[in-house]
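**Student:** structure for the following, please:
(2 chains)
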Amino acid sequence: MNLKATLVAAAAASLGLGGPALADPVKVGMITTLSGGGASLGIDTRDGFMLAVSRAGNPDLSVVIEDDQQKPDIAVQIADKMIQSDKVDVLTGIVWSNLAMAVVPAATAQGKFYLSTNAAPSQLAGKGCNPNYFSISYQNDNLHEAAGAYAAKAGITKAFIMAPNYPAGQDSLAGFKRFYEGEVVAEVYTQLGQTDYAGEIAQIRASGADGVFIFLPGGMGISFVKQYADSGVGLKLIGPAFSFDQTIIQAMGDAALGVLNGANWSPDLDNDANAAFVQAFRAEYGRLPSVYAAYGYDTANLLLSAMDKASISDPDAFRAALREADFDSVRGKFSFNASQHPVQDLFMREVVRDGDILTNRIVGVAIEDRGHAYEDECKM
Amino acid sequence: MSLMLLIEQALNGLQYGVMLFLMAAGLTLVFGVMGLINLAHGSLYMIGAFACAAVAAATGNFWLGLAASLAAAAAAGALMELTVIRRLYARDHLDQVLATFALILVFSEGTRWVFGSFPLYLDIPRALAGPVRLPGGIDYPLYRLVLIGVGLSVAAGLFWLIGRTRLGIRIRAGEADREMIGALGVDISRLYTIVFALGAALAGLAGALVGALQSVQVGMGEPVLILAFVVIVIGGIGSIKGALVGAILVGMTDTLGRFLLPIAFSTFMERSQAMSVGAALASMLIYILMALVLVVRPGGLFGRA
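**Tutor:** Numbering: from 1, shown residues only, chains lettered A, B, ... in the order given. Model prediction:
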């Protein structure tokens, strides 16, 4: 115990020596997935966040990072450790909604800020909204809503829609249908982690649909898209950005070309902050950033903007500073609504080939100034 | 629902089944001959897929990648047997499970260390891309037909190897009585290494062939491993014939269950709910099948009771 206290004191002292301390130092605990099948998402979250931290060079900001292995129990242990022994002020970084649900309510109840770089389940947007919880990414349904709103414009009037059979999958299909004006000819739930889609592709062929919406994150999406391209069915494919992001489209290859995906950010989004971000990320890490990297980068910049305005030792002032969202978002327009989720434009992107690599280009706006569907349930 | 769709789904089930067989064959051989539970069998599947993807990306030739996957998985298998597995034969199953689980972690993080966290690209060879028209007007992917052919040929080759060759006689003798075959002058430890490498090569082959259809990423082997265990429990542990029948049963049950159950439920339920309930029940179907088989035949379909 004595040793720990000494270490914390030493750490605090060394922080103080780092530069002229204008404000109280802020310690961030990042819990994200750095090993296992979902590691590429966590690695991009971390790299985006740390890029903004190193570009700002603010000596008052320090970050501890730990790997949650995509397991809720591990994430809870890390959060406890970060709060109790690392004495962090702010938690961030969780990629998955089930992990966020295990960590966020307890952390905010202990007076810590939680800034979400990705997971934003409906529970935390509606009834479970909290003054110390901010989502910088979106609300989980948003990118599915973008796909639904744009599908009719893309000529999809009879949609075959498909997602894994778990809460986020069911939310996804509900989100798609919320703004979709055409007819849904079939609604199929697959197994979570399924890798062979021959059965579903045969159903698509027989369904009479003229377009297919899928939400199959990670390896599931790679498997489906390759098998779908090889089947020769050839109907227009649309989905949320999760299934067609920079982290996975290289593994799909040309099979992904032309796929439409709903997003709130794209590497070609035209604003100065984004151009600087994409260039700096490429220079630092030698690859194109993903949406996860963009959210991580925005989250760090939001935090830095609040640190310039208020001290973390005054939580109310710090919260007010966060709510102002006074930073240059790589998404251009960015503000918070009352439930502290973003209000932003949702776009439609298309997978294209740029030289040797595959990437996304914006083809149109899906919904302007979108908040989320659970705003009325939030009493705050 | 048309007859054509049903036939197409049956082909899908068959293809899934024969790929499961490639995994299950190695697992059941190793368990039958050496009495070893090898959880790291899924890692060999992953090694096959990564070797194929890496070599195919470097040379632009899928077939070289396929050869590399066989070599890499067999080499990894032999190395694993010589360094770790060999010390486990005399131990009980719990020690084996612990040690081979540790191997999964070593292989997974080792692969991430070498190849990074992002999934690798591996596509099916150009010559086998796209669909072909079958009699009756079904457009079916050529690659999947080839997989069915490869899987059935490997099965035939294994039956020949086990039933008609000297190595096969030794493997069967090793299953029946380990001490006796050692006493008769057969180099039992070399036999074990050969059997282990053979099982590893089959897993690597499955990884490379299926990797071209799916995503080549760290951790891809573990879900397949669980299914392979279901297959060998249904088929009877140690039996190649059991592994083949079990694999095709599991493949068919899973594919047709996913297809037919939601349709069956939607006859008396609201559609969206029927899809969700049907899908949930379909994912349990193979385990229900396994339980039923074990109730009727506790040793599996072709196992020694």
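
**Student:** helices of chain B, residue ranges please.
**Tutor:** Residue ranges of the helices in chain B, as given by DSSP state H, are B:3-34, B:41-59, B:62-83, B:93-115, B:142-164, B:166-176, B:178-183, B:188-211, B:221-235, B:240-265, B:271-296.

**Student:** buried stuff in stretch A:365-372?
**Tutor:** For stretch A:365-372, burial by neighbour count (16 or more other CB atoms under 10 Å in any protein chain shown) applies to A:366-367, A:370-372. Just so you know, the C-beta spots here come from the backbone N, C-alpha and C atoms, and that holds for glycine as well.

**Student:** what's around whatever residue of the stretch 251-380 of chain A ends up closest to chain B, how many residues?
**Tutor:** Evaluated by CB to the nearest CB, the stretch 251-380 of chain A has A:Ala251 as its residue closest to chain B, separated by 3.8 Å. Using other CB atoms under 10 Å in any protein chain shown, the number of residues around A:Ala251 comes to 27.

**Student:** do the same with B:Ala183
**Tutor:** 10.

**Student:** give me the low-pLDDT residue ranges for chain A?
**Tutor:** By pLDDT under 70, the weakly predicted segments of chain A are A:1-23, A:37.

**Student:** just the strands in it please.
**Tutor:** A:26-32, A:61-67, A:90-92, A:113-116, A:133-135, A:158-164, A:183-190, A:211-214, A:236-240, A:260-263, A:335-336, A:342-354, A:357-370 (DSSP state E).

**Student:** remind me what the shortest one packs against, helices and strands.
**Tutor:** Pointing back at strand A:335-336 there. Secondary structure elements in contact with strand A:335-336, counted by 3 or more CB pairs under 8 Å, 6 or more residues apart in numbering or on different chains; DSSP states H and E, are strand A:342-354.

**Student:** and what of the fourth one?
**Tutor:** Helices and strands touching strand A:113-116, as assessed by 3+ CB pairs under 8 Å, 6+ apart, comprise strand A:90-92, helix A:97-109, strand A:133-135, helix A:291-309, helix A:315-324.

**Student:** which residue is the nearest non-sequential neighbour of B:Ala57?
**Tutor:** Ranked by CB to CB, 6 or more residues apart in numbering or on different chains and with sequence neighbours excluded, the top spatial neighbour of B:Ala57 is B:Tyr121, at 6.7 Å.

**Student:** tell me the contacts of the one you found?
**Tutor:** The neighbourhood of B:Tyr121, defined by CB atoms under 8 Å, 6 or more residues apart in numbering or on different chains, consists of A:250-253, B:53, B:57, B:216.

**Student:** redo that, cut-off 7 Å
**Tutor:** In this structure, B:Tyr121 makes contact with A:250-251, A:253, B:53, B:57, judged by CB atoms under 7 Å, 6 or more residues apart in numbering or on different chains.

**Student:** look at the spatially most central residue of chain B and report its pLDDT.
**Tutor:** Taking CA atoms, centre = their mean, the centroid of chain B lies closest to B:Met23, which sits 1.8 Å from it. Reading off the confidence values, B:Met23 has pLDDT 93.

**Student:** quickly note the distance from it to A:Ser243.
**Tutor:** When CB to CB, to the nearest Å is applied, the distance between B:Met23 and A:Ser243 equals 27 Å.

**Student:** ditto for A:Met50
**Tutor:** Remark: distance between A:Met50 and A:Ser243 (CB to CB) = 26 Å.

**Student:** chain B contacts on chain A?
**Tutor:** Neighbours of chain B within chain A, by CB under 7 Å from any CB of the partner chain: A:35-37, A:39-40, A:43, A:165, A:187-191, A:193, A:195-196, A:198-199, A:202-203, A:206, A:219, A:222-223, A:226-227, A:230-232, A:247-248, A:250-251, A:253.

**Student:** can you pull the contacts of A:Ala373?
**Tutor:** Under the criterion of CB under 7 Å, 6+ apart, the contact partners of A:Ala373 comprise A:141, A:178.

**Student:** next up, phi/psi of it, please.
**Tutor:** Summarising the backbone geometry of A:Ala373 under the convention degrees, to the nearest 10, its torsions are phi -80, psi -10.

**Student:** wait, doesn't A:Thr247 sit right on A:Asp44?
**Tutor:** Yes: contact status for A:Thr247 versus A:Asp44: in contact at 6.1 Å, counting by CB atoms under 7 Å.

**Student:** of those two, who's got more company?
**Tutor:** Legend: neighbour count by other CB under 10 Å for A:Thr247 and A:Asp44, higher for A:Asp44 (31 against 25).

**Student:** let me know whether that one touches A:Ser290 as I believe.
**Tutor:** Yes: shown here, A:Asp44 and A:Ser290 form a contact pair, counting by CB under 7 Å, at 4.7 Å.

**Student:** shared neighbours of those two, anything?
**Tutor:** By the contact definition CB under 7 Å, 6+ apart, A:Asp44 and A:Ser290 are jointly contacted by A:Thr247.

**Student:** picking up where we left off before, what sits in contact with each of A:Thr247 and A:Asp44?
**Tutor:** Overlap between the neighbourhoods of A:Thr247 and A:Asp44 consists of A:Ser290, taking contacts as CB under 7 Å, 6+ apart.

**Student:** how distant is the lowest-mean-pLDDT helix or strand in chain B from the center of its chain?
**Tutor:** The helix or strand with the lowest mean pLDDT-type score in chain B, counting by mean pLDDT, DSSP states H and E, is helix B:178-183 (a mean of 85). Going by CA atoms, centre = their mean, to the nearest Å, the spacing between the C-alpha centre of helix B:178-183 and its chain's C-alpha centre is 30 Å.

**Student:** then stretch A:36-45 to CSV, C-alphas only?
**Tutor:** Once non-C-alpha atoms are left out, stretch A:36-45 reads as follows in CSV (Å, rounded to 0.1, in the frame of the first residue of the first chain):
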residue,chain,number,x,y,z
GLY,A,36,-8.3,-11.6,-30.2
GLY,A,37,-10.4,-11.5,-33.3
GLY,A,38,-11.7,-7.9,-32.7
ALA,A,39,-8.3,-6.4,-32.0
SER,A,40,-8.1,-4.4,-35.2
LEU,A,41,-11.0,-2.2,-34.0
GLY,A,42,-9.4,-1.5,-30.6
ILE,A,43,-6.0,-0.8,-32.2
ASP,A,44,-7.4,1.8,-34.5
THR,A,45,-9.3,3.4,-31.6
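
**Student:** so how far is it from its chain's centroid?
**Tutor:** Stretch A:36-45 sits 12 Å away from the centroid of its parent chain (CA atoms, centre = their mean).

**Student:** cool, and stretch B:221-239?
**Tutor:** When C-alpha coordinates are averaged (CA atoms, centre = their mean), stretch B:221-239 and its chain have centres 8 Å apart.

**Student:** ok, and what's touching that stretch?
**Tutor:** For stretch B:221-239, contacts defined as CB under 7 Å, 6+ apart pick out A:193, B:20, B:23-24, B:27-28, B:31-32, B:39, B:41-43, B:45-46, B:175, B:242-243, B:245-247, B:249-250, B:286, B:289-290, B:293, B:299-303.

**Student:** for stretch B:174-189, measure first residue to last.
**Tutor:** Here the two ends of stretch B:174-189 are set 11 Å apart, with distance taken as CA to CA, to the nearest Å.

**Student:** not counting sequence-adjacent ones, nearest residue to A:Arg353?
**Tutor:** A:Leu257 (6.4 Å).

**Student:** ok so, going back, adding distance to B:Gly211, write the strands of chain A out as a markdown table.
**Tutor:** Rendered in a markdown table, the data for those read as follows (distance: least, CB to CB, whole Å):
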| stretch | distance to B:Gly211 |
| --- | --- |
| strand A:26-32 | 27 |
| strand A:61-67 | 26 |
| strand A:90-92 | 35 |
| strand A:113-116 | 34 |
| strand A:133-135 | 36 |
| strand A:158-164 | 21 |
| strand A:183-190 | 20 |
| strand A:211-214 | 21 |
| strand A:236-240 | 22 |
| strand A:260-263 | 24 |
| strand A:335-336 | 44 |
| strand A:342-354 | 21 |
| strand A:357-370 | 19 |
